[in-house]
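**Student:** sharing a model that was predicted from the sequence below.
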Amino acid sequence: QVQLVESGGGLVQAGGSLRLSCAASGRTFSNYAMGWFRQTPGKEREFVATISWIANYTIFADSVKGRFTISRDNIKNTVWLQMNSLKPEDTGGYYCAAGRRFSRNKREYDYWGQGTQVTVSS
């Protein structure tokens, strides 16, 4: 089992920045690819970004490329999502996830956090 706890969400004006953190405990953190997903009411949970086991590779959704970055520290068992130039359409619950495959497909992720809310006002 891997336990994931997100933090860092909040209310921010359009154009602002937030940094989300996801702290992991349980099984060996470095064995897992880590992803961030987001969801708004009535919509499917969508892919935002993912980072490979030793941080060599990253993938971003087209909607966040150039604005968001993802990083991890396998000693601190933490993954971060730095979100810059935020837009109202970035509003949603943000969830981190751990999976054995480096993928943008949410079905490849085995463990999920409870989420942190991000609200971007216009």
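**Tutor:** Noted; the coordinates are in hand.
**Student:** show the pLDDT at residue 19.
**Tutor:** pLDDT, residue 19: 98.
**Student:** where does it land in three-state SS?
**Tutor:** Classification of residue 19 by DSSP: H, G, I helix; E, B strand; the rest coil places it in strand.
**Student:** residue contacts, the closest residue to residue 4 other than its chain neighbours?
**Tutor:** Distances taken as C-beta to C-beta, 6 or more residues apart in numbering put residue 113 closest to residue 4, at 3.6 Å, once the chain neighbours are dropped. All C-beta spots, glycine's among them, are computed from the backbone N, C-alpha and C. Residues in contact with residue 113 (C-beta atoms under 8 Å, 6 or more residues apart in numbering) are 4-6, 22, 95-97.
**Student:** mind redoing it with 7 Å?
**Tutor:** Shown in contact with residue 113 (C-beta atoms under 7 Å, 6 or more residues apart in numbering): 4-6, 22, 95-96.
**Student:** brilliant, that's me finished.
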